[in-house]
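Engineer: give me the fold of what follows.
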Amino acid sequence: MPKSLVIVESPTKARTIKAFLGSDTTVESSMGHVRDLPRSASEIPAKAKGEDWARLGVNVNNDFEPLYVVSKERKKQVQKLKDLIKEADELYLATDEDREGEAIAWHLVEVLKPKIPVHRMVFHEITKPAIEAAFANPRDLDQRLVQAQEARRILDRLYGYEVSPVLWKKIQPRLSAGRVQSVAVRIVVERERERIDFVPASYWSVDGSFAKEDDLDQVFEATLHSLEGARVAVGKDFDSRGKAGSKALVLERDEAAALAEELTDASFEVKSVESKPYTRKPYPPFRTSTLQQEAGRKLRFSSSRTMSVAQRLYENGYITYMRTDSVALADSAVSSARAQIEKLYGKEYLSPSPRKYEGKVKGAQEAHEAIRPAGDTFRTPEQVAPDVGRDEADLYRLIWQRTVASQMADAKGMSVSVRLSANTKDRGEALFAASGRTITFPGFLRAYVQGSDDPEAELDDREKLLPEMAEGDPLAVQRLEPTGHETRPPARYTEASLVQKLEELGVGRPSTYASIMSTIQDRGYVFKRGSALVPTFTAFGVVTLLERHFPRLVDYEFTAKMEDDLDRIAEGEEDSVPWLRAFYFGDDGLKEKVAKRLDEIDPREINSIPIGDDEQGTPIVARIGRYGPYVERDEERASIPEDLAPDEITVAKAVELIVTQNAGDKIFGTDPDSGLTVYGKTGRFGPYVQLGEQEEGSKEKPKRASLFKSMELDELGLDDALKLLSLPRTVGGDPDGTEILALNGRYGPYIQRGDDRRSLETEDQLFTLTVDEALKLLAEPPRRRGQRSATLRELGEDPASGKTVSVRSGRYGPYVTDGEVNASLRKGDDPEKVTIEHAADLLAARRERLGQ
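Structural biologist: Predicted coordinates for the structure are as follows:
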């Protein structure tokens, strides 16, 4: 028997596949991509360093030839694969079946240079029959897919490496631009602009509780619908500037109160009852984007976490391939779903005939089936749960429910609309409206109900019951009261709704969405408030620059057209080199555009956001500075707190910041030991106390100490200030005589002995901790060699790795770790408030970037 070597991307996938192949087959992992474009100048080979295109990693002068290098961390694995090839008779490349997987397979051939037969082995689920079939029926490498992936990679490199330096020079260092990333940021910024421009409107309604006079126990709710035939205004009647449409009657508070009082004693009767049957059809099975959206809504998973969990389910043989735009199901999957429906719910819950789903998204990935449970016979969630982690069990249940529901019968019900009538003295007929809904047959809702981004939206399985009523029935008023309302600005995007918007625009592809969601947060363009994505002022500056000077690069239609072009390259309908040449060197090409526009960009203009005029008519502007955003009025400046959203910087808030931060120093008194004055000041990072002034010509700064989180500058006295200035405090010495210090750091209080640190639970311990208590704390299990970070908090078990996750303070700021993978906290994350769910999201995103 010939010896075969099968190469896959990950160790998990290798272990699963190995169990299905014979003893004469070796299965090994490539650990992701074995080579890529250079990530830094140090990776550029010596022979290319002097070339003018070397910084790009792409020879734009020679048909955009990419410069590929094997990264330092992959060289050992590459050598291992070369050694294994020497012992094999055949090589099977079993990487994922999409463009990225095809490219990894091609790179492996280019790097390993095998002299044995090479086969491409593809499958969309990791089950014994699927793997055996793929092994027995391999194909050749698809060069069209390789070319398409390479074109995308080169395009993204040219875009990022040409545009990002413009951002460094005109806004801030270390910023990045990207083909899909920058468009995603623009979408979020545009929504925030809508919120800034939004003018709320107040309006009133009259709400009541009613019951039939012969059945006072069945109370139902109704709201004033119209007066004298004029419809009463509701929220949707107002535009973003707070103006109501001409046909809507806007009730004021006094008017609503008077109507409620008058109508309390009025005679009400049912004017009309209208019943209509309704039908709800099941949703198609999941594709990548809808899975990310629904996991975000129902499980509160980030896109990265969803894809990380789905990857583990796929590699362990529980679901089909998770990067797909298809909603189609194989015949065997349809049969399995229908068999389970009949067994679990009964024959009446089956759709009359098998449902066929098509409607693939434009530019679909090459995976040809929806995301579903793997195999010809689906395992139930109860069967899977004991063998996987909590996250995997929850996501598998969601996928199983959606797949099974897609083959179930329609849900049926009745919707009821009732109008209640009473007469007023001066305003004619007052018409109240009530609505109800009953489900007569739940159908697919027995298995699955789709979530909503709107917390007030009624889900499909919610019933709203009304008593049986007929026209002319007299009604008893139980309650009537005026209710005030205010229109709300458009909701910010969540990861789920942003993915949905990108898909609607045709921007990006399913394989990119999770990484884009992570990148725009990691780069400091957005931060999360709950699940909402809030843009930073830096994002405003970047989007403004791109809109004014490189409008095509963030134009939705142009970006979507680029996706279509790249898809045509994948289909073999277009060649990549002429297309890249037109994009980079064309009449409106990127290279010339950057060169021309660079000197035209005014950094001060780009980095300025007008807020408005104060009471004296003085303009106030928010600006993006080198050290963060600030507001400015004439010569006065004030830093903008990191957690303040752009739509919250009103004129009043800006004035408050300016007044507070420019109020002048508070003088506590004189330090009795040094004779120096003790001041209270407010700086970029908040309030602090200072001993003396900086002497003219001296580089030595006076001693300073930050206030505790529980302190307010106005409430401190001289003793409090001197106590803060006494830090760091020498707690004492250990048995070897090494000094133990108590310090208050940026991320909280801690003690230190040499390089060894431990966090303290409270700030008060800085003054009260004894030597014995410090030694006990320092006697906790030592950290790994080379690790000098202090553990701030332990959060619990990571759903992915099963290891304990902690928050630690490191050299470059706080981060979370499970002991194997580290992930920095994002802008706006408070180390004291980070949850295990958010930490799991950060770690999942980090693992994805590391290819784990």
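
Engineer: so where's the stretch 701-850 of the chain shaky on pLDDT?
Structural biologist: 747, 781-790, 811-812, 848-850 (pLDDT under 70).

Engineer: now the strands for it?
Structural biologist: According to DSSP state E, counting those that start in this stretch, the stretch 701-850 of the chain carries its strands in the segments 703-706, 729-733, 739-745, 748-753, 756-759, 790-797, 804-810, 813-817, 822-824.

Engineer: make TSV from the ones you listed and add mean neighbour count and distance to Gly524 to it.
Structural biologist: In this view, the C-beta of every residue, glycine as well, is placed from N, C-alpha and C. Formatted as TSV, the strands of the stretch 701-850 of the chain follow (neighbours: other C-beta atoms under 10 Å; distance: least, C-beta to C-beta, whole Å):
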stretch	mean neighbour count	distance to Gly524
strand 703-706	16	23
strand 729-733	15	35
strand 739-745	17	22
strand 748-753	21	22
strand 756-759	18	26
strand 790-797	17	21
strand 804-810	20	18
strand 813-817	22	12
strand 822-824	18	11
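
Engineer: quick one: closest of those to Leu344.
Structural biologist: Closest approach to Leu344 among the strands of the stretch 701-850 of the chain (C-beta to C-beta): strand 790-797, 31.5 Å.

Engineer: who are the packing partners of that closest one?
Structural biologist: If you count contacts as 3 or more C-beta pairs under 8 Å, 6 or more residues apart in numbering; DSSP states H and E, strand 790-797 packs onto strand 756-759, strand 804-810, helix 836-850.

Engineer: direction included, what does it pair up with?
Structural biologist: Sheet pairing for strand 790-797, assigned by DSSP bridges, gives strand 804-810 (antiparallel).

Engineer: could you check the angle strand 739-745 makes with the partner strand?
Structural biologist: Counting by axes from the mean of the first three to the mean of the last three C-alpha atoms, to 10 degrees, strand 804-810 points 90 degrees away from the direction of strand 739-745.

Engineer: I'd say Ala409 and Tyr349 touch.
Structural biologist: Yes - between Ala409 and Tyr349 there is a contact under C-beta atoms under 8 Å: 5.5 Å.

Engineer: what is in contact with those two at once?
Structural biologist: 443-444 (C-beta atoms under 8 Å, 6 or more residues apart in numbering).

Engineer: show me the strands in the stretch 51-200 of the chain, by range?
Structural biologist: Using DSSP E, counting those that start in this stretch, strands in the stretch 51-200 of the chain cover 58-59, 65-66, 69-70, 90-93, 118-120.

Engineer: quick check: Ala654 is in a helix.
Structural biologist: Yes - counting by DSSP: H, G, I helix; E, B strand; the rest coil, Ala654 is part of a helix.

Engineer: what's near enough to touch it?
Structural biologist: Contacts of Ala654 (C-beta under 8 Å, 6+ apart): 611, 620, 622, 631, 633, 638.

Engineer: got TSV for these, with neighbour count and secondary structure too?
Structural biologist: Shown next, in TSV, are the contacts of Ala654 (neighbours: other C-beta atoms under 10 Å; DSSP: H, G, I helix; E, B strand; the rest coil):
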residue	neighbour count	secondary structure
Ile611	22	strand
Ile620	23	strand
Ala622	19	strand
Val631	24	strand
Arg633	22	strand
Ala638	21	strand
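
Engineer: pLDDT (mean, whole number) over the longest helix belonging to the chain?
Structural biologist: Counting residues, the longest helix found in the chain (DSSP state H) is helix 143-170. For helix 143-170, mean pLDDT is 93.

Engineer: I appreciate the help and will end here.
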